[in-house]
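Asker: take a look and give me a structure for this.
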Amino acid sequence: MSPFILAALLFTLGLGTTLTFASSHWLLAWMGLELNTLAILPLMAQNHHPRAIEATTKYFLTQATAAAMILFASTTNAWVLGEWNIQLTSHPLATTMIILALSLKIGLAPIHFWLPEVLQGLDLTTGLILSTWQKLAPFALILQLSTINPKLLVFLGLTSTLVGGWGGLNQTQTRKILAYSSIAHLGWMILILKFTPHLTLLALLLYIVMTSSVFLTLKLNNSMTINALATSWTKTPAISTIAPLTLLSLGGLPPLSGFMPKWLILQELTKQQLPLTATVAALSALLSLFFYLRISYSMTLTMSPNTISASTPWRLNNPQSTLLLSVTTALALLLLPITPTIASTLPM
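Answerer: Residues are numbered from 1 along each chain as shown. Predicted structure coming up:
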């Protein structure tokens, strides 16, 4: 792809998200979401592979459906109540439709069907954008909605954590596993949204950091399947040692950064007299932890059955920059000690 076209598409991606962030009017927010969708489509289809084209088509149809639902719901709210302001959206039908449409946009269960298939058809760089940046604008809108039914959010959250855990158990493709990981993490964020929105934001930021680290590690090793990870120790031994810790951080194990949002969310759920919800969420995290352990096992404790032509390819210069990978990995592993400081800044 031409650098000028790539720069224009990335600029449009940023512009769409910024427009949605800055909007208080539903039409402007809708325009920002549409800019986001249209800008990422050429990036998704740039490989000219049938699988990439299929993924692009699925993504376009899904996002167009969600955008149409948002437009219909916001128009309904304006027709009944005469109000286009996002924060003053209060009609029950319009609010429910908007939540479902935004859930479809980010891939919350039970309307998650498109996310694993789309992510499987993309290269790792575009998959990273889809898993991180594309979640920001819909979440900005969800956070602004004031009159949301808490039972709907708890249902979507619990369903997502369970589906994200069960769905990833039998997968061998790393991109599909990361898609189900995304669904499970989004469920944790939605669970706590109505009670402590700042915790949702904290969980989203930490999820973006940890997922970026995992995607960049896979990109450096060019590993698309779990079996391919067995050869990573000959290419990048240092990263192959640290990457399992990042995966366990995604799973929420102490003393890693990923434990922080789960710990605070479970604590808040028990404060809100929802012990059963907290228990189901905690048990569903064990399902996700299983497939993170599978990947970690493949990277550290197995050897490739293939004959490796050069036993020390790590001695060769790698042209890829690892600065972003180093920063995201450090943040994914080392933030737990400052949890009290972060918790003290959150309005509980």
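
Asker: mind listing the helices for the stretch 1-150 of the chain?
Answerer: Per DSSP state H, counting those that start in this stretch, the stretch 1-150 of the chain carries helices over the ranges 3-22, 26-44, 50-81, 92-106, 114-120, 124-131, 136-144, 150-167.

Asker: nearest to S284, of those helices?
Answerer: helix 150-167 (4.0 Å; C-beta to C-beta). The C-beta positions use only the backbone N, C-alpha and C, and glycine is treated the same way.

Asker: elements contacting the closest one?
Answerer: helix 92-106, helix 174-193, helix 275-300 (3 or more C-beta pairs under 8 Å, 6 or more residues apart in numbering; DSSP states H and E).

Asker: how about the helices of the stretch 1-150 of the chain in a markdown table, adding mean neighbour count and distance to M189?
Answerer: As requested, the helices of the stretch 1-150 of the chain are arranged in a markdown table below (neighbours: other C-beta atoms under 10 Å; distance: least, C-beta to C-beta, whole Å):
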| stretch | mean neighbour count | distance to M189 |
| --- | --- | --- |
| helix 3-22 | 15 | 17 |
| helix 26-44 | 20 | 18 |
| helix 50-81 | 17 | 18 |
| helix 92-106 | 20 | 9 |
| helix 114-120 | 22 | 15 |
| helix 124-131 | 21 | 14 |
| helix 136-144 | 20 | 8 |
| helix 150-167 | 21 | 8 |
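
Asker: make a markdown table from those and add mean pLDDT and distance to Q273 to it.
Answerer: Formatted as a markdown table, the entries for the helices of the stretch 1-150 of the chain read as follows, by pLDDT from 0 to 100; distance: least, C-beta to C-beta, whole Å:
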| stretch | mean pLDDT | distance to Q273 |
| --- | --- | --- |
| helix 3-22 | 93 | 33 |
| helix 26-44 | 94 | 34 |
| helix 50-81 | 93 | 31 |
| helix 92-106 | 92 | 23 |
| helix 114-120 | 93 | 32 |
| helix 124-131 | 93 | 33 |
| helix 136-144 | 91 | 23 |
| helix 150-167 | 91 | 12 |
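
Asker: those: which one's closest to P237?
Answerer: Taking C-beta to C-beta as the criterion, helix 124-131 is the member of these that comes nearest to P237, at 20.5 Å.

Asker: and Q87, how many residues sit next to it?
Answerer: When neighbours are defined as other C-beta atoms under 10 Å, Q87 has 11 of them.

Asker: surely it meets Q144?
Answerer: Yes. In terms of C-beta atoms under 8 Å, Q87 counts as a neighbour of Q144; the distance is 5.3 Å.

Asker: still on that earlier bit, can I get the helices of the stretch 1-150 of the chain in JSON lines with distance to T322?
Answerer: Compiled in JSON lines, the helices of the stretch 1-150 of the chain are given as follows (distance: least, C-beta to C-beta, whole Å):
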{"stretch": "helix 3-22", "distance to T322": "21"}
{"stretch": "helix 26-44", "distance to T322": "22"}
{"stretch": "helix 50-81", "distance to T322": "26"}
{"stretch": "helix 92-106", "distance to T322": "29"}
{"stretch": "helix 114-120", "distance to T322": "23"}
{"stretch": "helix 124-131", "distance to T322": "15"}
{"stretch": "helix 136-144", "distance to T322": "25"}
{"stretch": "helix 150-167", "distance to T322": "29"}
